Every structure is written in C-alpha cells, then in structure tokens.
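Peer 1: sequence and predicted structure, then a few things I'm wondering about:
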Amino acid sequence: MKSHRILLFFALIFILSGCAGSPAGEPVVAELPAMDTLMKLTLYGENAQAAAEPAKERIRELEGLLSTTDENSEIYAANHSGGAPVALSGDTAALLDRALQLCRRTDGALDVTIYPVVRAWGFTTGGGRVPDRAELDGLLERVDYARVALSGSTLTLPEGMELDLGAVAKGYTGDVLMDLLEEAGVTSAIVELGGNVHALGSKPDGSPWRVAVQAPEGGYAAALEIVDKAVVTSGGYQRFFEQDGEIYWHIIDPAAGRPARSGLASVTIVAEEGTLCDGLSTALFVMGADRAAEFWRETGDFDFVLLDEEGGVTITEGLEDSFSLCGEWAGRPLEVLRR
Ligand code: AMP
Ligand code: MG
C-alpha cells in the first residue's frame, strides 16, 4: 500500500538557552502561525511592547500579499492574470525584483516560476504524489524566470506561468521586521520564522545570540554566534513525503523538475540580508557542495554551513570563530573553505 505522508517541521532552528534574564528585563514574546510555519518574535527593551503588535500586523499583511494559495493575494492574482499586466504593491514588487536577481545570479537554481511543478508534487495541498516524466516535461515548459517581465511595479507573467515566492518570502519578512523594529526603537531582538532566524543587535547584555543549526535526524548539529545577522536553513527534512520507500522533498531542481538530490542534507546561509540568505539557501541546496563552494568563491557576500548526507560538515572561513559543532556532531569531520 502506498503511504503518502507530509511531515512539517516547525521551528527548525532553535535559539539556544541563555536568552532570558537579561539586564534589560524580561522580553516581550509574540507568536503567530503564518506562512505555513510558527513565527516567534522575542523583543527586548522599553519599546518592545509597543512594537509587538505592529510587527505581527506586518507579518499578516505580507502573508496576505505573497501566499500562492490565498485567493485574495497578489501572487494569486498574478498567477491568474492570463498574461495581462498586473499592478503590484511596493512589497511584492521589491521582493520579486530581488528574487529575480537571485534567480539570475544562481543561473536558475533558484527559479520563482517553479510553482506548477511544486503543485504537481502535491506540496501545496499537503498530499504528495510522484508525477511521471511526461507530466514534468510538460510543466517545465511553463518554468523560466527569464520570461517574467517586471517593470517598476508592473508585472507581466506569460499565460500559463505561475510564481511561487515560498523560497524567499520568509527572508524578506525578516528584513522588513528588522527595519520595523529598529524604527520602533527596539535595539535587541531575535525573530524566528520557521527555519529562518533574524537577530537585531546582540543580546541585551551585549553578547552575541547563539543560534542552533538543526541536525537532519533531529536535535542540534551546531551552534552559531551572531550579531545583526540572518541565519536561514533549507533542508530536505523540513518538508517531505515518502512513497514506496523513497523520500521526496520540497526543494525542486528546476532543471529536472524533481526534488534536488545533490548529496546535501541542509544548507544554512549567514548574511545581513534575509532575502539573500533565503534565496541562496534554496539555490545552494539545489547546486550541491561543489557548485556551492565555487559560487561562494566567485561572489562571497555571505557565509554558509553545509551538512551533507554522509554526515560531513563544510563551513566558509567567515564562520570559523563563531561556529561550533555540538552534541553527537562534535567529533565529525569539519572542512573550512578558504578563498
Ligand atoms: P526554502 O524552504 O526556503 O528552501 O524554500 C522551499 C520552497 O520554495 C518550496 O516549498 C517551494 O514552494 C519553493 N521552491 C522549491 N524549489 C525551488 C526552487 N528551486 N526555486 C524556487 N523556489 C523553490
Ligand atoms: Mg529559501
């Protein structure tokens, strides 16, 4: 009997202990389900209380714009535009513009027009099915970020093509929240959006935040110390289904139309910009370790942690002083990439 199973792993990166009891007093904690995950904001300082509700409101607003399935969203409208131009809000236009840059920069390893394929695999419905080659080939004719025309805030999407900003939406949301919190006078905050963590400043006592990278089998593989950074993980274990003993996960190789099996179990990107981290975590997972290393050497405005399916760990040199393996991962081989 076929078994279809989708497992959602929420809160993929956990903030390690030591966040509470700061000199600035107890934090204000706000939680809400949004964008298919559980979001948690931990805000410190005298302006924290006043900033919490506007921050939650902003998350709901972005979810309302960017959802592929909500019939009132801008993305839904664009995906049903039949090739006619659509006027986008500033948020959607800004995110799409940045996402298209990342699609180009990653040579299509990130492709925001992947939605027809994602849907065919059942990842939008929570079902899970394995499409055959002919079906995938047909769908891939409708996948090509280069055919998306964005001029200012006017989008023209060729008929039959559909956008999915799921690979970058949470990263962008984190960036927006960091700006909002800063403007509201919050000086210290940690925001967890599913597998994305964004840190504003340092902990109230001035020490760095400690963020854990999840082990694919559960528990922690490593810890990272960060200040004013985003840490974003894409992993095959985050969302998948199993059929006839095979695992099929939600990160698709746009060249094949199938789940990306590049030998990696997860990719964690560390940089200031959340949208960049989010887009590249998905893209480098598709690329695999060798192409990811080459890509980092060519560009390098970010750092990464790669966990491979054999249990190997690779980090880039910028993380050397802030990264440590933990628990059962402590003795594993660690490769540090240098320029
Ligand atoms: P993330 O969890 O950030 O790696 O994003 C994965 C989500 O982005 C999936 O659930 C899909 O909706 C979508 N997606 C999957 N593969 C790709 C890809 N190669 N390029 C763009 N979006 C993708
Ligand atoms: Mg991503």
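Peer 2: Arrived safely. Ligands and ions are numbered 1, 2, ... in the order given.
Peer 1: check which helix or strand the most centrally placed residue in the chain maps to.
Peer 2: Closest to where the C-alpha atoms of the chain average out (CA atoms, centre = their mean) is Asp278, at 3.8 Å. In the assignment (DSSP states H and E), Asp278 maps to helix 274-287.
Peer 1: quick check: buried residues in the longest helix along the chain?
Peer 2: When the chain is parsed with DSSP state H, its longest helix is helix 48-66. For helix 48-66, a neighbour-count test (16 or more other CB atoms under 10 Å) marks 48, 51-52, 55-56, 58-59, 62-63, 65-66 as buried. Glycine gets a C-beta too; all of them are placed from N, C-alpha and C.
Peer 1: hmm, it touching ligand 1?
Peer 2: No: counting by CB under 6 Å from any ligand atom, ligand 1 has no neighbours in helix 48-66; the shortest distance is 11.3 Å.
Peer 1: on contacts alone, who are the packing partners of that helix?
Peer 2: Packed against helix 48-66, as judged by 3 or more CB pairs under 8 Å, 6 or more residues apart in numbering; DSSP states H and E, are the following elements: strand 28-34, strand 37-44, helix 74-79, helix 90-105, helix 169-183.
Peer 1: if we use 7 Å, what do you get?
Peer 2: Packing partners of helix 48-66 (3 or more CB pairs under 7 Å, 6 or more residues apart in numbering; DSSP states H and E): strand 28-34, strand 37-44, helix 90-105, helix 169-183.
Peer 1: out of these, nearest to Ser207?
Peer 2: Shortest distance between Ser207 and those, using CB to CB, is found for strand 37-44: 12.7 Å.
Peer 1: about what we covered before: between the buried residues of helix 48-66, which sits nearest ligand 2?
Peer 2: Leu66 (13.1 Å; CB to the ion).
Peer 1: how far away is the closest residue to the closest one other than its chain neighbours from Glu272?
Peer 2: Distance criterion CB to CB, 6 or more residues apart in numbering; nearest residue to Leu66, sequence neighbours excluded, is Ala169 at 4.7 Å. Per CB to CB, to the nearest Å, Ala169 is found 18 Å from Glu272.
Peer 1: and the two? Which one has more around it.
Peer 2: Counted by other CB atoms under 10 Å, Ala169 and Glu272 do not tie: Ala169 has more neighbours, with 27 against 14.
Peer 1: between the longest helix of the chain and strand 37-44, how many degrees?
Peer 2: Here the directions of helix 48-66 and strand 37-44 differ by 150 degrees (axes from the mean of the first three to the mean of the last three CA atoms, to 10 degrees).
Peer 1: now helix 48-66, how far from the centre of its chain.
Peer 2: 18 Å (CA atoms, centre = their mean, to the nearest Å).
Peer 1: output that helix as PDB, nothing but the C-alphas.
Peer 2: What follows is helix 48-66, C-alpha atoms only, in PDB (Å, rounded to 0.1, in the frame of the first residue of the first chain):
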ATOM      1  CA  ALA A  48       9.400  46.200  22.800                       C
ATOM      2  CA  GLN A  49       5.700  46.100  24.000                       C
ATOM      3  CA  ALA A  50       4.700  48.900  21.600                       C
ATOM      4  CA  ALA A  51       6.500  47.200  18.600                       C
ATOM      5  CA  ALA A  52       5.000  43.700  19.000                       C
ATOM      6  CA  GLU A  53       1.500  44.300  17.600                       C
ATOM      7  CA  PRO A  54       2.600  46.300  14.500                       C
ATOM      8  CA  ALA A  55       5.200  43.600  13.800                       C
ATOM      9  CA  LYS A  56       2.600  40.900  13.900                       C
ATOM     10  CA  GLU A  57       0.300  43.000  11.700                       C
ATOM     11  CA  ARG A  58       3.100  43.500   9.200                       C
ATOM     12  CA  ILE A  59       3.700  39.700   9.000                       C
ATOM     13  CA  ARG A  60      -0.100  39.100   8.400                       C
ATOM     14  CA  GLU A  61       0.000  41.800   5.700                       C
ATOM     15  CA  LEU A  62       2.900  40.200   3.900                       C
ATOM     16  CA  GLU A  63       1.400  36.800   4.100                       C
ATOM     17  CA  GLY A  64      -1.800  38.200   2.600                       C
ATOM     18  CA  LEU A  65       0.200  39.600  -0.400                       C
ATOM     19  CA  LEU A  66       2.600  36.700  -1.000                       C
END
